[in-house]
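*Asks:* What shape does this take:
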Amino acid sequence: MDDLEFTLDGLPRTLEVLVEVSRGSFAKRDSEGRVDFYSPVPCPYNYGCVPEIGAPDGAPLDVVLLGPRLPRGERVTVELLGIVDFLDCGLQDPKLITVPVGLRLPPCWPGVDRFFRVYALAKRCLAAARRKRGETRFRGWLRHPVVAAGGVGKFAS
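*Replies:* Numbers count the residues shown, from 1 in each chain. Purely as a prediction, here's the structure:
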């Protein structure tokens with residue numbers, strides 16, 4: 001399934017997201033708060049969702065929140081910086097890359113790339129253990145940020 005079936009056109013520049021996994025946590029939770037799996041390494045980012053927007057896999061749209069650790073269950077208004085193209089068991093599973101509104105960060109895109117390459121390997125192992133079929137991999141960026149001098153800036157299409 002290489003064709004883009006899910007369009008992210010028209011997403012607002014700012015969104016309200018729900019933090020599901022705090023930065024540094026070992027437990028990956030699903031959208032209902034149940035533990036989905038435990039990671040052997042802590043999550044380097046806050047991870048959450050936009051509960052009001054569904055993704056092709058049937059779950060709420062996934063979000064990576066850059067910046068300091070945020071408590072699980074917190075709702076945060078974020079700025080959309082970029083969109084990662086991820087395939088999970090054959091289903092498109094895009095990840096919004098965001099930062100809390102007003103927070104400026106130095107460029108960190110190579111780290112996001114590395115994280116999703118390793119995450120794809122872990123998800124493949126998890127899929128095999130659960131006897132799920134379909135390709136799982138990081139496919140790059142649907143929309144990559146353009147980093148402005150002095151911090152995160154606009155993004156390019």
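
*Asks:* ok, residue 116 - contacts?
*Replies:* 84, 86, 95, 138 (Cβ atoms under 8 Å, 6 or more residues apart in numbering). Quick note: C-beta positions are derived from backbone N, CA and C, even for glycine.

*Asks:* could you dump the residues you listed to a markdown table with pLDDT?
*Replies:* Shown next, in a markdown table, are these (pLDDT from 0 to 100):
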| residue | pLDDT |
| --- | --- |
| 84 | 91 |
| 86 | 92 |
| 95 | 93 |
| 138 | 93 |
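
*Asks:* what's the most distant pair in these?
*Replies:* Between all members of the contacts of residue 116, the longest pairwise span (Cβ to Cβ) is found for 95 and 138 and amounts to 9.3 Å.

*Asks:* where do the contact lists of these two overlap?
*Replies:* Shared between the contact lists of residue 95 and residue 138 (criterion: Cβ under 8 Å, 6+ apart) are residues 84, 86, 116.

*Asks:* Does the first one have any beta-bridge partners, and if so which?
*Replies:* According to DSSP bridges, residue 95, residue 141 are recorded as the beta-bridge partners of residue 84.

*Asks:* Counting neighbours, what do you get for it?
*Replies:* For residue 84, the neighbour count with other Cβ atoms under 10 Å is 23.

*Asks:* same check, this time on the one 4 residues further on
*Replies:* For residue 88, the neighbour count with other Cβ under 10 Å is 23.

*Asks:* Wait, it touches residue 57, no?
*Replies:* Yes. At 6.1 Å, residue 88 and residue 57 qualify as touching, with contact defined as Cβ atoms under 8 Å.

*Asks:* what do these two both touch?
*Replies:* Shared contacts of residue 88 and residue 57, counting by Cβ under 8 Å, 6+ apart, come down to nothing at all.

*Asks:* could you point out where the protein is predicted with low confidence?
*Replies:* Low-confidence segments of the chain, defined by pLDDT under 70, are located at 1-9, 31, 144-157.

*Asks:* run the last query once more with 90
*Replies:* Scanning the chain for pLDDT under 90 picks out the ranges 1-13, 28-41, 54-59, 81-82, 104-111, 113, 119, 122-123, 125-126, 141-157.

*Asks:* a markdown table please, covering the shared contacts of residue 95 and residue 138 and showing distance to residue 35.
*Replies:* Converted to a markdown table, the shared contacts of residue 95 and residue 138 look like this (distance: Cβ to Cβ, whole Å):
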| residue | distance to residue 35 |
| --- | --- |
| 84 | 23 |
| 86 | 21 |
| 116 | 21 |
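
*Asks:* Done for today, thanks.
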